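Trainee: The following block contains a protein sequence and its predicted model.
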Amino acid sequence: MVKIDNPIRNTDILRQHGRTIVILAVLLFIPFVLIWYISSYVNEDIFYEQKSENLLSIARVLDSYLVDGGYDQILAEAGVLDGTREEKITALNEALRQVTDDVASSSVGLGVGYYSLELDAILTYGPSADYQDTVGVSIGETHPGREVMRTGVAQVSMGSMVRGNIMNAMLPVVRGGEIIGYIWANNLVSELEETLGRMSSVILFLLIVSYIIVMLIILTFIRRMIRSEQMSKQALSRALQETQHRDRLMRVVNDAVSLLLTADSDTFETALQDCMEMMGIAFHMDKIGIFQLMSNKSRNSHSYETAAYWQTKSSGESTDEGAAENLLAGIQTIDGWKESMRRRENFRLTSGDLLEQELAHFSSTGKLSLLAMPVFLQDRYWGFVIYCCVHDERPLDVGEEAVLLSGSLLMANAMARNEIMLDLMSAHEAALAGTRAKSAFLASMSHEIRTPMNAIIGMVAIGRASRAPERKDYAFDKIETAGSHLLDVINDVLDISKIESGKLEISPATFRFSEMIQRVHDVVSHRMVEKKQAFVIEIDPAIPNTLIADDQRLAQVIINLISNAYKFTPEGGAITLSAHLVECDGIEATVRIDVADNGIGISPEQQTRIFESFEQAESTTTRKYGGTGLGLAISENIIDLMGGRIWVESEVGEGSVFSFVVTVGCLYDDPANEEPSDTECGEDDLLSCTDLTGKRILLAEDVEVNQEIVVTILEPTHVQIDCAENGAVALRMFCENPQKYDLILMDVQMPDMDGYEATRSIRALDVPRAATIPIIAITANVFQEDIQKCLNAGMNDHLGKPLDIDEVLNMLRKYLLE
Ligand code: ADP
């Protein structure tokens with residue numbers, strides 16, 4: 001409520017509204033004068049008229065006192081009917097004097113009397129005490145009484161008559177149809193005027209009083225008007241002051257937040273501090289803390305973190321590092337604070353609301369005004385901002401709070417925006433790094449593919465040119481090595497592509513650990529011989545020999561680690577593959593594999609990157625050692641999928657140890673349980689001991705050289721092969737003689753009719769064996785979805801290109817011999 005400090009004085013009113021009051025007084029005075037003027041006239045007329053009526057009535061009263069027989073009857077009764085004029089006048093005076101006096105005394109100043117026409121004399125004139133001497137006197141010839149007696153019409157006249165200047169009401173006296181005289185009743189004009197004057201004075205007095213009252217009412221009204229005007233002015237000026245104050249604060253907030261919005265991520269922290277300082281000074285605050293709610297997804301919990309904190313240097317408060325945390329801890333001990341934030345309401349505190357130990361969190365001066373404001377961004381609770389004043393207990397008004405709220409929201413918004421910017425920048429960086437790595441990868445891929453291709457083409461030329469069989473064999477060996485390296489590169493690319501699309505799968509199966517290690521040894525050992533490197537294998541005998549896991553993938557990881565060790569260890573170095581049993585409960589065994597070398601080693605910084613796809617420790621690595629930077633990424637993914645962990649310990653120049661642990665299923669060996677091996681013959685002589693005499697295969701393959709390869713590699717098995725150059729021909733050949741074939745090898749991509757359609761058509765035929773004849777896909781599409789597509793089309797199995805002779809033989813044995 002607005003309080004009026006200065007009461008209004010009348011002098012103030014006169015000073016401020018004197019002119020208006022004078023004009024009003026004059027304007028009002030005119031109608032008052034008019035009223036008085038008109039009323040005095042009207043009053044006089046009414047007065048005289050009333051007086052005339054009154055006097056006539058009195059005359060009538062006198063007339064009623066006169067007997068019906070008139071003067072003659074009185075004279076007769078007095079016995080002077082025939083007397084002299086004087087005797088008659090005397091007799092009539094005696095008879096009527098009392099009546100006259102009685103009537104005259106009824107009103108002050110009244111004069112009444114009888115006149116006789118016959119005697120032409122005044123008979124009585126009351127009050128007789130005053131006018132007895134006029135009895136017997138005749139009225140003048142011009143006296144209006146004569147006209148009354150002549151005309152018989154009553155009349156009221158003003159003028160100088162017997163008694164003096166009077167108002168005289170005259171009534172003819174008629175008896176027996178004759179006018180015998182007249183009766184009068186009169187008043188002295190001077191007396192009437194005196195009465196009239198008194199009445200006018202009263203009216204004038206009343207008018208003046210009314211005028212004064214009206215003027216007083218007007219003055220009171222003006223006074224009230226001025227008071228309310230002054231009140232409005234004061235309220236207006238206070239509102240203006242408040243608006244100006246708020247405007248100034250808004251400008252400060254605006255300037256402060258502009259700093260934030262124009263800052264880039266490098267200068268953001270400084271800008272935020274400046275922004276808080278500007279707001280703190282403008283709002284007389286000593287501390288500002290911005291606290292953001294962070295969620296910990298793994299623990300499914302939330303907690304506040306200090307996003308920013310500012311404190312004035314002059315507050316005298318401790319400025320140690322924990323000041324912000326102290327403020328946060330303090331507010332969290334106060335009841336009702338959380339509810340306020342949840343309800344989107346500001347939370348206010350002053351020192352009076354707090355116990356001494358609670359106050360210590362916020363202020364060391366003993367004084368406190370605190371405001372905690374919730375911040376919601378895009379309708380989601382973001383956190384809150386605390387404003388503390390420790391030198392005053394002045395709570396902020398609603399306007400100031402509104403401005404502070406805008407400031408808080410803008411600060412939080414800017415902070416959220418900055419966070420997004422930082423995320424975007426790091427995502428951009430990551431994307432750039434990824435692009436750089438992929439470009440480097442393409443370059444090294446080109447190198448990795450060209451090198452063996454070069455070897456193949458070169459060796460083909462050497463082999464063709466040479467006549468000596470040893471030289472030709474040498475060329476074939478080199479071509480085989482280069483070819484298998486090329487296949488490794490392609491397999492790596494396929495694997496990483498599977499990993500990136502989340503399609504890398506693990507297929508656990510029972511296998512012999514020692515056999516798997518032997519396979520690894522067979523693949524890698526000959527390389528070490530070339531580089532004169534010592535290769536030691538240490539196997540913990542406690543490891544159960546029969547394990548359940550994806551042995552192919554396990555071997556792939558170990559081969560990759562050993563290949564790297566071989567690659568990054570100079571000639572004459574040493575490489576050790578060791579396997580330890582970490583623990584085993586009879587159902588599961590945790591096995592640790594270490595591949596150690598004394599090669600070039602890897603720096604700690606490089607160690608953090610080498611498990612990422614396309615990353616190599618150094619850009620020079622490709623040039624010097626080759627490689628695609630995919631091996632470790634693939635290895636890590638495989639180990640991840642197996643639920644294990646892979647890591648490296650290394651020192652530059654000293655060597656590296658790559659280790660992984662996996663937990664796999666295990667079976668303790670029982671010789672009786674030993675599974676018969678897939679084949680009775682060893683892997684080396686799989687070809688020579690596979691006899692498919694009497695079996696006939698239909699091979700659908702459009703590329704002639706591929707037909708030739710299949711026919712040539714299967715020649716030793718004595719299997720008969722009919723070739724079809726596309727799906728349509730294969731379908732026709734099968735239709736012509738369905739019983740002729742024991743198995744169909746079906747390429748997938750062929751002109752006219754592809755392998756899928758050909759298979760579907762064969763399966764749909766209504767002929768014997770159409771539904772049962774094994775159809776094996778041979779295709780370079782080796783992703784799981786490609787295999788699934790083949791199975792969906794009705795094929796039984798799948799062989800990947802380039803064909804692996806052992807895989808082909810095993811497949812044929814499975815479908816033709818078992
Ligand atoms: P690649 O060997 O094809 O380059 P990898 O993913 O297998 O790709 O290895 C990534 C990088 O890690 C290598 O380029 C190399 O810099 C580093 N590295 C891997 N193994 C070793 C090792 N045993 N000694 C030194 N550096 C290694």
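Mentor: Thanks, I have it. Residues are numbered from 1 along each chain as shown.
Trainee: the bottom helix or strand of this structure by mean pLDDT?
Mentor: Lowest by mean pLDDT, DSSP states H and E among the helices and strands of the chain is helix 620-625, with a mean of 61.
Trainee: for the helix or strand just after that helix, which positions count as buried?
Mentor: Helices and strands here follow DSSP states H and E; after helix 620-625, the next one along the chain is helix 631-641. By neighbour count on 16 or more other Cβ atoms under 10 Å, the buried set for helix 631-641 is G631, L632, A633, I634, S635, E636, N637, I638, I639. Just so you know, the C-beta spots here come from the backbone N, C-alpha and C atoms, and that holds for glycine as well.
Trainee: Whichever helix or strand comes after helix 631-641 near the ligand anywhere?
Mentor: As assigned by DSSP H and E, the chain's next helix or strand after helix 631-641 is strand 645-651. No - figure legend: strand 645-651 not in contact with the ligand (Cβ under 6 Å from any ligand atom); closest approach 6.7 Å.
Trainee: Is I600 within a helix or a strand, and which one?
Mentor: In the assignment (DSSP H and E), I600 maps to no helix and no strand.
Trainee: which residues touch it?
Mentor: Contact analysis of I600 by Cβ atoms under 8 Å, 6 or more residues apart in numbering lists F568, T569, P570, V652, G653.
Trainee: now the last one: how far from the ligand?
Mentor: According to Cβ to the nearest ligand atom, to the nearest Å, G653 stands 11 Å off from the ligand.
Trainee: For the nearest residue to that residue once chain neighbours are set aside, grab phi and psi.
Mentor: Leaving aside its chain neighbours, G653 sits nearest to G601 (5.3 Å; criterion: Cβ to Cβ, 6 or more residues apart in numbering). With angles defined as degrees, to the nearest 10, G601 sits at phi 80, psi 170.
Trainee: how many neighbours does G601 have?
Mentor: 18 (other Cβ atoms under 10 Å).
Trainee: go on, R467?
Mentor: That count, for R467 with other Cβ under 10 Å as the rule, works out to 6.
Trainee: that's a strand at it, yeah?
Mentor: No - R467: not assigned to a strand; according to DSSP: H, G, I helix; E, B strand; the rest coil it is coil.
Trainee: what packs against the longest strand seen in the chain?
Mentor: Looking across the chain with DSSP state E, the single longest strand is strand 655-667. For strand 655-667, the packing partners by 3 or more Cβ pairs under 8 Å, 6 or more residues apart in numbering; DSSP states H and E come out as strand 546-549, helix 551-567, strand 588-597, helix 631-641, strand 645-651.
Trainee: mind redoing it with 10 Å?
Mentor: With contacts taken as 3 or more Cβ pairs under 10 Å, 6 or more residues apart in numbering; DSSP states H and E, strand 655-667 sits against strand 509-512, strand 546-549, helix 551-567, strand 574-584, strand 588-597, helix 631-641, strand 645-651.
Trainee: Run me through the strand neighbours of the fourth one, direction for each.
Mentor: The pairing partners recorded for strand 574-584 under DSSP bridges are strand 534-539 (parallel), strand 588-597 (antiparallel).
Trainee: Let me see the mean pLDDT of the first one.
Mentor: If you average the pLDDT over strand 534-539, you get 92.
Trainee: What residues sit buried inside it?
Mentor: Per 16+ other Cβ under 10 Å, strand 534-539 contains these buried residues: F535.
Trainee: do stretch 23-43 as well
Mentor: Applying a neighbour-count criterion of 16+ other Cβ under 10 Å, one finds L24, F32, W36, S39, S40, N43 buried in stretch 23-43.
Trainee: Using TSV, lay out those residues together with secondary structure.
Mentor: Conversion of the buried residues of stretch 23-43 to TSV gives the following (three-state DSSP):
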residue	secondary structure
L24	helix
F32	helix
W36	helix
S39	helix
S40	helix
N43	helix
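Trainee: circling back to that earlier point, the ligand is nearest to which of the strands paired with strand 574-584?
Mentor: For the strands paired with strand 574-584, proximity to the ligand was assessed by Cβ to the nearest ligand atom; strand 588-597 is nearest, at 5.2 Å.
Trainee: what mean pLDDT would you report for the helix or strand that comes right after that closest one?
Mentor: Later in the chain than strand 588-597, the nearest helix or strand by DSSP H and E is helix 604-607. Averaged over helix 604-607, pLDDT sits at 90.
Trainee: for helix 604-607, packing partners?
Mentor: Against helix 604-607 (3+ Cβ pairs under 10 Å, 6+ apart) you get strand 645-651.
Trainee: And the strand it packs on, what's buried?
Mentor: Quick answer for strand 645-651 (16+ other Cβ under 10 Å): I646, V648, S650.
Trainee: Please apply the same query to stretch 66-75.
Mentor: Buried-residue list, stretch 66-75, by 16+ other Cβ under 10 Å: L66, G70, Y71, D72, I74, L75.
Trainee: I'd guess I139 is in a strand, am I close?
Mentor: No - with three-state DSSP as the criterion, I139 is located in coil rather than a strand.
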